[in-house]
Every structure is written in structure tokens, then in C-alpha cells.
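S.K.: Need coordinates for the following:
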Amino acid sequence: MSPEEELAKLREQNRLLHATINDLKEKMDKEQPCINEHNFVIDLACPGETEQVGREETSEESDLDGVNTAVLAKVVLNSSGEQQVEVWPKLSCENAFDLTLFTDLQLITKTNETENKPILFGLHSELVRIMPGRELQCTKIVVPEWQQKYAVQCRGQTVQLRCRVKIVRSFKHIETEIDEEGSEEIEVGGKRICVNLAYLSSWSAEFRNGSHTRSRVINELSETDFEEMLEVIYPSSKPITSWNFEKMLNIAKKLKMPKLTRRCEIFLNDEEKHNLTEFQTLLLADTFSLNAIKTIVLERISSTEMLRSKVLMNEKYLQFTPDMKKDIHARYVELDLQEKTAVEI
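M.R.: From the prediction side, this is the model:
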């Protein structure tokens, strides 16, 4: 094959590679979460000396991309007579969604009409499921008594609660419901676990073909890993994280769960969510046959020097399968040809 023919072949491979990547990115973009936030402000009446409970106050309502959101709060006295704040977001929506709710709070007190430094209470997060036509009152956030030097001053006065609410959810509303009446027990690692076999079969070829539905026993997985996998695939949608992605990949491989593998690929594609190196990601792609991730990582490596330093010179390079080594070598040849062509020009 002449150099011109080899160059034409590599260019065609590169075109196909870019088409594959663009298609994958388009699919991933459709699954990117929708993030909305709003700052709510509530004036709270603190109980006086003879009062036990403050008035319940409600913020204005805000539409966070289809989720009507408000914040309720009140000041109460605990069993020790100390003031504390109870805060709880209220949500409603026309569609069903699984979402993650983040709430962080600041309390503003005043001394002689001058605002004191805000008292910060940190970030609270909660996974919630909102159903159409139903108002959901989220878990109450109990804020402990604030700094003692302000507690006496605030009795009988009004303080300001500033509450930033962030909602993270998928653009897609929930389409699959779990029928609790269809739940059955299976044994995983010696422990009985109640699962919905029909829903699990929609994710797993192993359950779909009946190999596990007949025996009702899974010995190759621990019950804790299996239960965490259920939290990930059930509509409550526990997120894929740096702490669980490898366990999820193992389970997806053993139980033949391509949709779970897909969710792990989306996580691995977002470099901001993990601190894996290019080599570590390629090793995962090789181990679990993540062809899309392999393609994306190799595409991100933009020079022969980068490929040598990040992949080829790694002491664990020999752990790669022959197919992965072949793809790495092909990428090296492609980059080398691009660099030589650029020099000639």
C-alpha cells in the first residue's frame, strides 16, 4: 500500500471515528441532567420568653423548570428551651420525576438594626421522587440552636432565613413504575432480598432468560453490592459515583445489564466526576468491553508524546488485551502520520 493510500485509509478511519463520537455525545447529551436553583428569603419570628413555637412562614413560590418549589420554615424551642429552626422545601409537578434536592441555609440576625455576619448551616442533600398532582413536603432540616450570643437577642424579634435550593433531575420523566405486588424473594450471598423480577428482567439478560428466576439464588455477588445495584436501577435512581461505578460495572457484566453499563459509561465520560487517568480509564474499558469509552479516551490523546507518556510507558501496559494494544497502536500510527504531515506542510 502506497503512503497516499495509507493516508486515505487513516483519514476514512478518522472520519468514522469522529462520526461515532458525535453520535455517542448526542446520545449522552440527551441524558444530561437539568439543573435549576433559586434563592428563597423568609422572615422568621423568633419565640418570645413565654412562647414555645414560632409562626410557620412560607416563601414565595418559584417554578424551577416545571417543578413548583417553595420553602417553609419556623423557629421552635427544643426540649432544653433553646431555639432551633425547622426548614422543609415543598415541591409539586405535573409529571413524575426523580430528582436530587440540594439546600443550603444562612441565617441573618441583627444587632441595633445592623446585620450580623451570616450564620452558615452547610449543605443538605436529599433524593426524592415527585409524583404528578401530588404536593411533596421534603424531609425537615433541623438547624440546631444558633450561636448563644445571638439567641437571647433574637427572642421576640424577626430574623431572616436565606435558603438556596438547587434541583438536579433528568429531562426524561419516569416511564417505568414498579408493581409492588409483583415482588418476589431471591437469595443473594445467603440473604433473602425482595425484588421485582419483571423490572429486574427488563435490565438483566440473566434474569430475562430465566437462569436466575428459576433458582432464585445468586452466589457470585454480595448482598450489599446487589442492594446498591437495585438502588441505582430502581426509579429512585441512586447516582453512579466514584465509590460505586466499578461495583456497578462488575454486576452489569455478571448479570448482562447493558443499560447499567451504559450509565457507567456516561459517568466515565464526564471527567469532572472522577479523577481517573487515561490509562486507568482504558484499563476499565478493556476489562468491561466499554468500546465507546475506549474510542473517546484515545481520541482525547492528541499527540504521540502524550500517548507514550500516559499509556505506552505505563508499567502495567502489558495487562492490556491484544485487541486493546492493537487499537492503541493504530491511534499511535494515526497521530504519527498527522505530525509528520504537519511538519512537511
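
S.K.: What mean pLDDT does stretch 303-317 get?
M.R.: Mean pLDDT, computed over stretch 303-317, is 93.

S.K.: Give me the buried positions along it.
M.R.: 304, 307, 310, 311, 314 (16 or more other Cβ atoms under 10 Å). Every residue, glycine included, has its C-beta placed from N, CA and C.

S.K.: Over to stretch 234-252?
M.R.: For stretch 234-252, burial by neighbour count (16+ other Cβ under 10 Å) applies to 234, 237, 238, 240, 244, 245, 247, 248, 249, 250, 251, 252.

S.K.: quick one, what contacts the third one?
M.R.: By Cβ atoms under 8 Å, 6 or more residues apart in numbering, residue 238 lies in contact with 127, 228, 231, 232, 244.

S.K.: so it, which of the three states?
M.R.: For residue 238, the assignment made with DSSP: H, G, I helix; E, B strand; the rest coil gives coil.

S.K.: Could you check how far it is from residue 341?
M.R.: Distance of residue 238 to residue 341, computed by Cβ to Cβ, to the nearest Å: 48 Å.

S.K.: now the buried residues of stretch 303-317 in TSV, with distance to residue 262?
M.R.: Output for these, formatted as TSV (distance: Cβ to Cβ, whole Å):
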residue	distance to residue 262
304	32
307	27
310	26
311	25
314	27
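
S.K.: of all those, which two lie farthest apart?
M.R.: Across those, no pair lies farther apart than 304 and 314, at 15.2 Å, counting by Cβ to Cβ.

S.K.: hmm, back to that, may I ask which of the contacts of residue 238 has the most neighbours?
M.R.: Counting neighbours by other Cβ atoms under 10 Å, residue 232 leads these with 22 neighbours.

S.K.: Excluding sequence neighbours, find me the nearest residue to that residue.
M.R.: residue 238 (4.9 Å; Cβ to Cβ, 6 or more residues apart in numbering).

S.K.: and if you look at residue 228?
M.R.: Using Cβ to Cβ, 6+ apart and skipping residues adjacent in sequence, the residue nearest residue 228 is residue 244, 6.0 Å away.

S.K.: who's in contact with the one you found?
M.R.: Residues near residue 244 by Cβ under 8 Å, 6+ apart: 228, 232, 238.

S.K.: Check the residues you listed for the minimum pLDDT and say which it is.
M.R.: The lowest pLDDT within the contacts of residue 244 belongs to residue 238, with 72.

S.K.: can you tell me how far that residue sits from residue 4?
M.R.: Between residue 238 and residue 4 the computed distance is 54 Å (Cβ to Cβ).

S.K.: Pull up the gap between residue 299 and residue 285, please.
M.R.: From residue 299 across to residue 285, the span is 12 Å (Cβ to Cβ).

S.K.: Kindly report the same for residue 320.
M.R.: Using Cβ to Cβ, residue 320 is found at 10 Å from residue 285.

S.K.: Neighbour count for these two, which is higher?
M.R.: Just comparing residue 320 and residue 285: by other Cβ under 10 Å the higher neighbour count belongs to residue 285, 23 against 20.

S.K.: Ramachandran angles for the more buried one?
M.R.: Note on residue 285: its backbone torsions stand at phi -60, psi -40 [degrees, to the nearest 10].

S.K.: Next, count neighbours for the closest residue to it other than its chain neighbours.
M.R.: Take residue 285 and drop its neighbours on the chain: the residue closest to it by Cβ to Cβ, 6+ apart is residue 294, 4.0 Å away. Applying other Cβ under 10 Å, we find 20 residues neighbouring residue 294.

S.K.: Which secondary structure element is home to residue 294?
M.R.: Using DSSP states H and E, residue 294 sits in helix 291-300.

S.K.: Can you show me the CA trace of the next helix or strand after that helix as PDB?
M.R.: Next along the chain after helix 291-300, taking DSSP H and E as the criterion, comes helix 304-307. Output of helix 304-307 as PDB, limited to C-alpha atoms (Å, rounded to 0.1, in the frame of the first residue of the first chain):
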ATOM      1  CA  THR A 304       2.400  10.600  20.100                       C
ATOM      2  CA  GLU A 305       4.200  12.100  23.100                       C
ATOM      3  CA  MET A 306       1.000  12.200  25.100                       C
ATOM      4  CA  LEU A 307       0.200   8.600  24.100                       C
END
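
S.K.: packing partners for helix 304-307?
M.R.: helix 322-344 (3 or more Cβ pairs under 8 Å, 6 or more residues apart in numbering; DSSP states H and E).

S.K.: No further queries at this time; thank you.
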